[in-house]
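Trainee: can you look at this prediction? I've put the sequence above it.
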Amino acid sequence: MRDYPATITETDHIEPVPKRVRATLGGQVVLDTTRALYAWEREH
C-alpha cells in the first residue's frame, strides 16, 4: 500500500499556476514569474 495520496488528475497534465512564483538565493531574487506551470508527472 502506498503511503501518499493518489494524484488529483491524470499524469502528464499541465496547467497554469494562479499565483506569482518568486524564489531567492542568498537574498537575491533568482526567479520571479506569473507564468509558472503545474506539471503532473508519472510515478516513479
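Mentor: Arrived safely, thanks for sending. Numbering: from 1, shown residues only.
Trainee: distance between stretch 32-44 and the chain's centre?
Mentor: Per CA atoms, centre = their mean, to the nearest Å, the displacement of stretch 32-44 from the mean C-alpha position of its chain is 4 Å.
Trainee: to clarify, my last question referred to stretch 11-29.
Mentor: 7 Å.
Trainee: do stretch 22-34 as well
Mentor: Stretch 22-34 has its average C-alpha position 15 Å from the chain's average C-alpha position, going by CA atoms, centre = their mean.
Trainee: ok, residues contacting that stretch?
Mentor: The list of residues contacting stretch 22-34 from outside it, by CB atoms under 8 Å, 6 or more residues apart in numbering, reads 20, 21. Where C-beta positions appear, they are placed from N, C-alpha and C, glycine not excepted.
Trainee: let's see that stretch as PDB, backbone CA atoms only.
Mentor: Coordinates of each C-alpha in stretch 22-34 appear next as PDB, following Å, rounded to 0.1, in the frame of the first residue of the first chain:
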ATOM      1  CA  ARG A  22       9.200  34.000  -6.700                       C
ATOM      2  CA  ALA A  23      12.500  32.400  -5.400                       C
ATOM      3  CA  THR A  24      15.500  33.900  -3.800                       C
ATOM      4  CA  LEU A  25      19.100  32.600  -3.300                       C
ATOM      5  CA  GLY A  26      21.400  34.300  -0.900                       C
ATOM      6  CA  GLY A  27      19.000  37.200  -0.600                       C
ATOM      7  CA  GLN A  28      18.900  37.900  -4.300                       C
ATOM      8  CA  VAL A  29      15.800  37.200  -6.500                       C
ATOM      9  CA  VAL A  30      16.700  34.400  -9.000                       C
ATOM     10  CA  LEU A  31      13.100  33.600 -10.200                       C
ATOM     11  CA  ASP A  32      10.100  35.800 -10.500                       C
ATOM     12  CA  THR A  33       7.200  34.800 -12.700                       C
ATOM     13  CA  THR A  34       3.400  35.000 -13.200                       C
END
